[in-house]
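# Got a sequence here, can you build the structure:
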Amino acid sequence: MKPIYLDYNASTPIDPAVAAAMRPFLEEAYGNPSSGHWASTSAKAALENARGKVAALLGCASDEVVFMSGGSEANNLALKGLFFRRCDRPSHVITSRIEHSATIEPCRFLERLGAKVTYVPVDGAGLVDPDDIRGAITRDTFLISIMHANNEVGTIQPIAEIAKIAREHNIPLHTDAAQSVGKIPTKVDELGVDLLSVAGHKVYAPKGIGVLYVRRGIEIEPLIHGAGHESGRRAGTESALLAIALGTACEIAQPWIGMPGVQRLRDLFWERLRAAFGNQIALNGHTELRLPNTLNVSFVGRVGADILARMPDVAASTGSACHAGEITLSPVLNAMGIAPEVGMGAIRFSLGRGTTQEEIEAVVNRLTGTLA
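Take a look at the predicted model:
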């Protein structure tokens, strides 16, 4: 059977136009962008052109775009960079219980250094209550970090509302937008954020490239010290090759914002599954405030990993893991209060630009045959 890829939230293929834009930089424009001679001119121009394209998608100034190795480094720089700017003072961070590990683990690291971290809860749909953010603020709070959209269930957080609270208390707000960039609007002024993380391989660029948007006036301590690359915020010779890839991907993403065609397929997928399985299937995440490509469902009383193991030609992700014969829910489903008998059957199907209705119908047929 033809393999079917429904794991676009994990990683996307490189768009052909992105690959084409990269190709000349594999053999030409090999100079160091920071050098001042003829060999660096084209590399420097490509780097800054790419920075402008990322800025256009985010609605920010080019000098607010800092190229990173990916979303994880961007999250780490946002959290640690602000912490180390004030490490001689009491420090408090507010985040949520359903953040990606690229935020949770840096928070735990800061706790080992003496910082206090408040992990606010979410409701059964995976939504943060802005009032919980307000109630967690202390005089030592130096950062609020809430993801824009959850990678597992796709729930979109009320970032603009949280931003108003952050501004009232003069606290910077960071959002991990790895899953939302290129899918839904991510203009930084509309969101009201001061820092925003981008992961290239979630937006049809290669792995190994990302961005941290840093609003003018926000000072961060670099994680990597050396020469003053990226306006002194990240040392290391920049890769024009990867930067132009991400810039091109951001340019291509503009007309895809909202993904109405993909959302129609996702909704059709859910309709087909409900018709086939009735009350034996449950939706995880918010019914409306959800990424247009994401469908996280639970096959009640089943084990998601077992289902996918019986359909090796379908690429998707599970919401539970098996360790020593015991099924454990993901921290996200656990924080949402999903019952174990429901959560253990969770599978995340995430659609992309290349997903077809024929593939959706084929997966429904395979699931029906597998679970009959």
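# Least confident secondary structure element in this protein?
The helix or strand of the chain with the poorest confidence is strand 320-323; it has a mean of 56 (mean pLDDT, DSSP states H and E).
# Sheet partners, orientation included, of the very next helix or strand once past it?
Sequence order places strand 326-329 as the next helix or strand after strand 320-323, per DSSP states H and E. Strand 326-329 has its sheet partners listed here by DSSP bridges as strand 320-323 (antiparallel).
# where exactly do the strands run in the stretch 51-200 of the chain?
Read by DSSP state E, counting those that start in this stretch, the stretch 51-200 of the chain holds these strands, from start to end of the chain: 65-68, 92-96, 116-120, 141-145, 173-176, 195-199.
# Kindly report the same for the stretch 201-350 of the chain.
Under DSSP E, counting those that start in this stretch, the stretch 201-350 of the chain gives strands at 210-214, 281-284, 294-299, 314-315, 317-318, 320-323, 326-329, 346-350.
# pull the CA atoms of the first one into CSV?
Coordinates of each C-alpha in strand 210-214 appear next as CSV, following Å, rounded to 0.1, in the frame of the first residue of the first chain:
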residue,chain,number,x,y,z
GLY,A,210,14.7,28.7,13.2
VAL,A,211,14.2,32.2,14.5
LEU,A,212,13.7,34.1,17.7
TYR,A,213,11.8,37.3,17.3
VAL,A,214,13.0,39.8,19.9
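# Would you give the sheet partners of that strand, along with the direction of each?
As defined by DSSP bridges, the strand partners of strand 210-214 come to strand 65-68 (antiparallel), strand 195-199 (antiparallel).
# Ok, the fifth one next?
Paired neighbours of strand 317-318 in the sheet (DSSP bridges): strand 346-350 (antiparallel).
# Let's test this: mean pLDDT of the partner strand, rounded?
Per-region confidence: strand 346-350 scores 97 on mean pLDDT.
# Tell me how many other residues surround the nearest residue to residue 79 once chain neighbours are set aside.
The shortest distance from residue 79 to any non-neighbouring residue, by C-beta to C-beta, 6 or more residues apart in numbering, is to residue 106 (4.4 Å). Every residue, glycine included, has its C-beta placed from N, CA and C. Here the number of neighbours of residue 106 (other C-beta atoms under 10 Å) works out to 23.
# of all the strands paired with strand 210-214, which lies closest to residue 117?
Relative to residue 117, the nearest member of the strands paired with strand 210-214 by C-beta to C-beta is strand 195-199, separated by 16.8 Å.
# contacting residues around the closest one?
Contact with strand 195-199 is made by 54, 58, 68, 70-72, 74-75, 78, 148, 172-178, 181, 186, 188, 210-215, 218, 246, as judged by C-beta atoms under 8 Å, 6 or more residues apart in numbering.
# Might you report the residue contacts of the closest residue in space to residue 263 that isn't next to it in sequence?
Excluding its sequence neighbours, the residue lying closest to residue 263 (C-beta to C-beta, 6+ apart) is residue 292, at 3.7 Å. By C-beta under 8 Å, 6+ apart, the residues touching residue 292 are 183, 184, 258, 259, 260, 262, 263, 266.
# For residue 292, grab phi and psi.
phi -70, psi -10 (degrees, to the nearest 10).
# That one and residue 242, how far apart?
27 Å (C-beta to C-beta, to the nearest Å).
# re the thing from before, closest one to residue 200 out of the contacts of residue 292, please.
residue 183 (14.2 Å).
# Surely that closest one is in contact with residue 254?
No. The pair residue 183 / residue 254 is not scored as a contact, 12.0 Å apart, by C-beta atoms under 8 Å.
# Between those two, tell me which one has more neighbours.
Counted by other C-beta under 10 Å, residue 183 and residue 254 do not tie: residue 183 has more neighbours, with 28 against 11.
# So for the more buried one, what's the pLDDT?
On pLDDT, residue 183 comes in at 98.
# What of the one 10 residues further on?
For residue 193, the model assigns a pLDDT of 98.
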